[in-house]
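Asks: Pasting a predicted model and its sequence here:
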Amino acid sequence: MTDRKVTRDDLSAAADKFKNWGKWGDDDEIGTLNYTSEEDIIAAAQLVKKGKVISMALNFDNAGPQGAKSTYPSMGRINPLHTMLRTGTDAYSGVLDHRGIRAADDMVVMPLQCGTQWDGLGHVFYEDHMWNGYDCREVTSAGAQKCGIEKTKNKMVGRGVLLDVARFKDVDTLEDGYAITCQDLYETADSQEITVNTGDFVIVRTGQMEAKLRAGTWDGYPGGDAPGFSFETLEWIQDTELAGLASDTWGCEVRPNESVEGINQPWHWITIPIMGMTMGEIFYLKDIAEDCAEDKAYEFLFVAPALPITGAVGSPINPLAIK
C-alpha cells in the first residue's frame, strides 16, 4: 500500500484487469454468486456442530445509524419508520373488530440500505455501465430492469468465514482511516488457521460498529472516516474467488478514500460493476466474533438471502451464522 491516490487512470487499469464481464455468460445478472456450487452448500451444512444460530444483523428501528451526524450526505436514507395499522388497544375497545377477530397489523417504510444489507449489482455503476456491461439506464424509475436483487433469491447460502482483523491486530477496533491490506487478510486467516475457498462468503470485522455502540452514538458512522478495505484488496478478492464480502462498517472500504478529489468510493467502482460482487455492509459482528474466539471455529454455514424485491438495487437482511 502507498500514499499515492487512485486516479481515473488507475480505475481504468483496474477495470481492465479485474473485469469479469461475460465470465458466466452474456446474460448473467448475479456475478460472483455463481462461484458457490451445490457441493459447496452441502459441505457448508456439515459445519453445523452445535446447532447454534447467531444473527449478524442490527435491529431495524429508529435507533439505527441513519440518523447520525455525518460529513457525507445521506442521499435520503433514513432509519426505518414503523407504524401500527391496528393495535391491541383497538382490539380491546372494539375498533376495527367488525370481522370478529382480534389482531394487530403493522407496516414499515425504509430505504433498502439503511441497516444491515446487501449492495446489489445494480447499485453502483462504472461510468455508464453496470455489472456485465449492461447500460446503467437499465435502472429506471420503475427499478432495475437488469441485475435486480430478486435475481439472487436462491443465493447467499454457503460457507461463511469470519476474518477478525481487529482481534488479530490485538485492538478493540481498527483506527479510522486504517486501510486493510491483502497481507492483513492473509495473515488474519493464517492466525485463525483457516483457508478462504472459492465460493465462500467472507465477513471482516474491524470493530468499528462495536465502538459506536459502546460510545452510545452513531455520529460519524454513516459516511464518515472508517477503517476498511484498501484499493489493493481487489487482488485478494480476485485470487480468492469470493461469492460475497461483508464488513461491520457503513461502506466496507477505507474512509477517507484512497482517491483523488472527484472519485468517491473507488473500491466500489470495481468490486460491484466490474467484478460482479454482491457486498454486505453494516453487519453486527460482536456475537459471532466472541463465539469464534471461544471455540476457535471461524467457519460456519452462512444463510443470508436478500428479500426478492423486484427491481431493487439492495436489500435489508438478517444474515445468520449457523455453527
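Replies: Received it, and whenever you're ready, just let me know what you need.
Asks: Helices of this protein, start to end?
Replies: Taking DSSP state H to define them, one finds helices in the chain at 8-18, 38-45, 88-93, 165-168, 182-191, 208-215, 234-240, 266-271, 286-295.
Asks: weakest of these by average pLDDT?
Replies: Ranked by mean pLDDT, those bottom out at helix 88-93, with a mean of 86.
Asks: Flag the shaky bits of the chain, pLDDT-wise.
Replies: Along the chain, the parts satisfying pLDDT under 70 run over 1-2, 70-74, 96-97.
Asks: Per the annotation, how does it divide into domains?
Replies: 8-71+112-322, 80-110 (automatic domain parsing).
Asks: Quick one: distance of the longest one to the chain centre.
Replies: Read it as domain 8-71+112-322. Offset of domain 8-71+112-322 from its chain centre (CA atoms, centre = their mean, to the nearest Å): 4 Å.
Asks: Can you point out the buried residues in stretch 144-156?
Replies: By 16 or more other CB atoms under 10 Å, the buried positions in stretch 144-156 come out as 144, 146, 147, 148, 149, 150, 151, 152, 155, 156. Every C-beta, even on glycine, is put in place using the N, C-alpha and C of the backbone.
Asks: dump the residue contacts of the third one.
Replies: With CB atoms under 8 Å, 6 or more residues apart in numbering as the criterion, the residues that contact residue 147 are 29, 30, 120, 121, 122, 130, 131, 132, 134, 138, 313.
Asks: wait, which of these is closest to residue 280?
Replies: residue 120 (10.9 Å; CB to CB).
Asks: count of residues packed around that closest one?
Replies: 31 (other CB atoms under 10 Å).
Asks: ok, longest strand in the chain?
Replies: Ordering each strand of the chain by length in residues (DSSP state E) puts strand 157-164 first.
Asks: other SSEs contacting it?
Replies: Under the contact definition 3 or more CB pairs under 8 Å, 6 or more residues apart in numbering; DSSP states H and E, strand 157-164 sits against helix 38-45, helix 182-191, strand 201-205, helix 286-295, strand 299-303.
Asks: could you dump those to JSON lines with distance to residue 323 and mean neighbour count?
Replies: Below are the helices and strands packed on strand 157-164 laid out as JSON lines (distance: least, CB to CB, whole Å; neighbours: other CB atoms under 10 Å):
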{"stretch": "helix 38-45", "distance to residue 323": "11", "mean neighbour count": "14"}
{"stretch": "helix 182-191", "distance to residue 323": "18", "mean neighbour count": "17"}
{"stretch": "strand 201-205", "distance to residue 323": "13", "mean neighbour count": "27"}
{"stretch": "helix 286-295", "distance to residue 323": "7", "mean neighbour count": "16"}
{"stretch": "strand 299-303", "distance to residue 323": "5", "mean neighbour count": "23"}
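Asks: right, so of these, which gets closest to residue 7?
Replies: Here helix 182-191 is closest among the helices and strands packed on strand 157-164 (CB to CB), at 20.5 Å.
Asks: what angle sits between the closest one and strand 201-205?
Replies: 100 degrees (axes from the mean of the first three to the mean of the last three CA atoms, to 10 degrees).
Asks: Could you list every helix and strand that helix 182-191 packs against?
Replies: strand 157-164, helix 165-168, helix 234-240.
Asks: Let me know which of those is the nearest to residue 76.
Replies: Of all those, it is helix 234-240 that lies closest to residue 76, at 29.2 Å by CB to CB.
Asks: For the closest one, which residues meet the burial criterion?
Replies: Buried residues in helix 234-240, defined by neighbour count with 16+ other CB under 10 Å: 234, 236, 237, 240.
Asks: ok so, going back, tell me which of the domains of the chain sits most buried.
Replies: Of all the domains of the chain, domain 8-71+112-322 carries the top mean neighbour count, a mean of 19, counting by mean count of other CB atoms under 10 Å.
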